[in-house]
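*Asks:* Sequence and predicted model, in that order:
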Amino acid sequence: QDYTWEDHGYSLINRLYPDVGQLLDEKFQVVYNLTYNTIAMHCGVDTSVLRRAIWNYVHCVFGIRYDDYDYGEVNQLLERSLKIYIKTVACYPEKTTKRMYTQFWRHFKHSEKVHVNLLLLEARLQAALLYALRAVTRYMT
């Protein structure tokens with residue numbers, strides 16, 4: 001059974017700590033929706049598909065998969081060096097190197113790479129919260 005932030009985590013955390021769910025949700029949404037609508041040298045680009053692929057790949061790394069998402073998008077949109085970087089930062093941050101940072105998206109601006117970091121760290125936080133809140137749900141029932 002799916003245990004998602006939108007359907008389960010948000011409401012449980014709001015029951016346990018009023019207003020915290022709203023604050024966390026706003027934090028996730030700000031990072032998820034952050035865009036200049038540019039990719040490298042291209043302007044006016046809809047980056048939502050790429051942002052969703054990064055978010056869902058981070059969740060996938062932590063064993064969270066969604067039935068309504070086509071994971072083929074992850075392989076189409078995220079090059080191998082970016083996937084390695086994301087997995088390393090999310091799972092083994094102490095092993096992250098400057099070389100890894102410079103290896104992915106070589107023609108992209110640093111602000112775009114920073115946005116990748118923000119996305120992956122917020123997705124990681126949400127994944128950890130989902131595991132913790134699911135455990136609390138199981139304890140309560």
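*Replies:* Perfect, thanks for sending it.

*Asks:* how many other residues sit next to residue 18?
*Replies:* Neighbour count of residue 18, defined by other Cβ atoms under 10 Å: 9. In this view, the C-beta of every residue, glycine as well, is placed from N, C-alpha and C.

*Asks:* quick one, phi/psi of it?
*Replies:* Residue 18 adopts backbone torsions of phi -50, psi 140, taken as degrees, to the nearest 10.

*Asks:* Residue 78 too?
*Replies:* Note on residue 78: backbone dihedrals following degrees, to the nearest 10 are phi -110, psi 110.

*Asks:* Quick check: it touching residue 55?
*Replies:* No - counting by Cβ atoms under 8 Å, no contact exists between residue 78 and residue 55, whose distance comes to 11.2 Å.

*Asks:* Grab the longest helix from the chain for me.
*Replies:* Looking across the chain with DSSP state H, the single longest helix is helix 110-140.

*Asks:* Please spell out which residues along it are buried.
*Replies:* 112-113, 115-116, 119-120, 122-124, 126-127, 129-130, 133 (16 or more other Cβ atoms under 10 Å).

*Asks:* Now distance to residue 45 and pLDDT too, for those residues, in CSV please.
*Replies:* Shown next, in CSV, are the buried residues of helix 110-140 (distance: Cβ to Cβ, whole Å; pLDDT from 0 to 100):
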residue, distance to residue 45, pLDDT
112, 11, 94
113, 16, 95
115, 13, 95
116, 15, 96
119, 16, 97
120, 20, 97
122, 21, 98
123, 21, 98
124, 25, 98
126, 25, 98
127, 27, 97
129, 30, 97
130, 30, 96
133, 35, 95
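
*Asks:* Out of those, which is nearest to residue 102?
*Replies:* Nearest to residue 102 among the buried residues of helix 110-140: residue 113, at 9.0 Å, using Cβ to Cβ.

*Asks:* so how far is residue 120 from that closest one?
*Replies:* To residue 120, residue 113 is 11 Å away according to Cβ to Cβ, to the nearest Å.

*Asks:* Mind listing the shared neighbours of those two?
*Replies:* When contacts are counted by Cβ atoms under 8 Å, 6 or more residues apart in numbering, residue 113 and residue 120 have no shared neighbour.

*Asks:* so where is the protein shaky, pLDDT-wise?
*Replies:* 1 (pLDDT under 70).
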